[in-house]
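# give me coordinates for this.
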Amino acid sequence: MRFGAAKGAISKQSSAAAGVLRHSSGLDQFCSHLQGAETQSILDMSGASQANIAFITGLGHRISSDDLIGTMAECFGPDFIEGQQMAANAQRFTDQTLTFPEASFDGALVWDALQFLTPPLLEHTVEQLLRVMRPGAPMLVFFNSDERATHLPVLNYRIQDQKTLLQIPRGGMQRSQHFANRTVERLFAKAASLKFFLTRDSLREIIVRV
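Numbering: from 1, shown residues only. A predicted model of the protein is given here:
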């Protein structure tokens with residue numbers, strides 16, 4: 001498992017850039033699944049965060065961190081899209097990503113990292129996510145829904161409370177494709193269910209149940 005911020009040449013922004021608070025109905029429902037439950041193991045795909053660790057452990061659960069964006073930066077270099085086309089890079093990524101034993105987790109905070117992956121790595125990563133989740137586990141997944149956007153912000157997500165996230169700029173990256181609802185449904189065709197949440201911005205929130 002990996003901890004810490006991304007390495008590599010994601011286009012840089014000032015480290016002093018202010019974060020943005022955002023209401024999240026998807027996070028609210030994810031947290032409702034945890035409340036009152038016996039101790040569960042949660043996977044955070046946004047890298048180690050004291051805010052997220054404190055929040056999840058405060059609910060009585062365990063949390064593991066795996067920085068998917070950081071691994072992409074290390075394996076693919078400054079251009080995620082072009083870097084994924086090289087077989088050696090793709091193999092390095094798959095060797096380092098989601099190497100946990102089968103059925104290790106009761107839930108996952110995937111955030112928006114999947115939208116920067118291209119096929120077949122995208123499908124492989126989703127397959128591995130489903131593999132490491134226990135039956136019935138919820139996964140909170142975000143996709144940018146702006147069809148016109150070609151360059152998307154890369155963000156860290158820090159939980160402030162059950163309904164509020166702090167989005168911290170981490171740079172920007174070219175999008176791999178537009179994820180319409182049908183695209184997302186096909187991507188998670190092996191999951192038990194998907195629930196889409198209406199939002200006031202371009203970030204689509206989804207709860208995927210394994």
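# which residue ranges of the protein form strands?
With DSSP state E, the ranges of strands along the chain come out as 20-23, 41-44, 62-65, 107-111, 138-144, 151-161, 164-174, 193-197, 203-209.
# for residue 83, find the nearest of those.
Residue 83 sits nearest to strand 164-174 of all these, at 10.8 Å, using Cβ to Cβ. For glycine as for every other residue, the C-beta is placed from the backbone atoms N, C-alpha and C.
# what helices or strands is that closest one leaning on?
Packing partners of strand 164-174 (3 or more Cβ pairs under 8 Å, 6 or more residues apart in numbering; DSSP states H and E): strand 20-23, helix 80-83, strand 151-161.
# how about residues contacting the first one?
Translated: strand 20-23. Contacts to strand 20-23, defined as Cβ atoms under 8 Å, 6 or more residues apart in numbering, come from residues 160, 163-167, 201, 203.
# picking that back up, Serialize the strands of the chain to CSV and add fields for distance to residue 96 and mean pLDDT.
As requested, the strands of the chain are arranged in CSV below (distance: least, Cβ to Cβ, whole Å; pLDDT from 0 to 100):
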stretch, distance to residue 96, mean pLDDT
strand 20-23, 29, 95
strand 41-44, 15, 98
strand 62-65, 14, 95
strand 107-111, 17, 98
strand 138-144, 20, 97
strand 151-161, 18, 93
strand 164-174, 19, 91
strand 193-197, 27, 97
strand 203-209, 23, 97
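# let's have the ones you listed in TSV, adding distance to residue 77 and mean neighbour count.
Shown next, in TSV, are the strands of the chain (distance: least, Cβ to Cβ, whole Å; neighbours: other Cβ atoms under 10 Å):
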stretch	distance to residue 77	mean neighbour count
strand 20-23	28	14
strand 41-44	25	22
strand 62-65	23	18
strand 107-111	22	25
strand 138-144	22	23
strand 151-161	14	18
strand 164-174	12	18
strand 193-197	33	15
strand 203-209	26	21
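# now these as a markdown table including distance to residue 88?
As requested, the strands of the chain are exported to a markdown table (distance: least, Cβ to Cβ, whole Å):
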| stretch | distance to residue 88 |
| --- | --- |
| strand 20-23 | 37 |
| strand 41-44 | 27 |
| strand 62-65 | 26 |
| strand 107-111 | 26 |
| strand 138-144 | 28 |
| strand 151-161 | 23 |
| strand 164-174 | 20 |
| strand 193-197 | 34 |
| strand 203-209 | 31 |
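# which one of those lies nearest to residue 82?
strand 164-174 (9.0 Å).
# tell me the angle that closest one makes with strand 151-161.
Strand 164-174 and strand 151-161 are oriented at 160 degrees to each other (axes from the mean of the first three to the mean of the last three Cα atoms, to 10 degrees).
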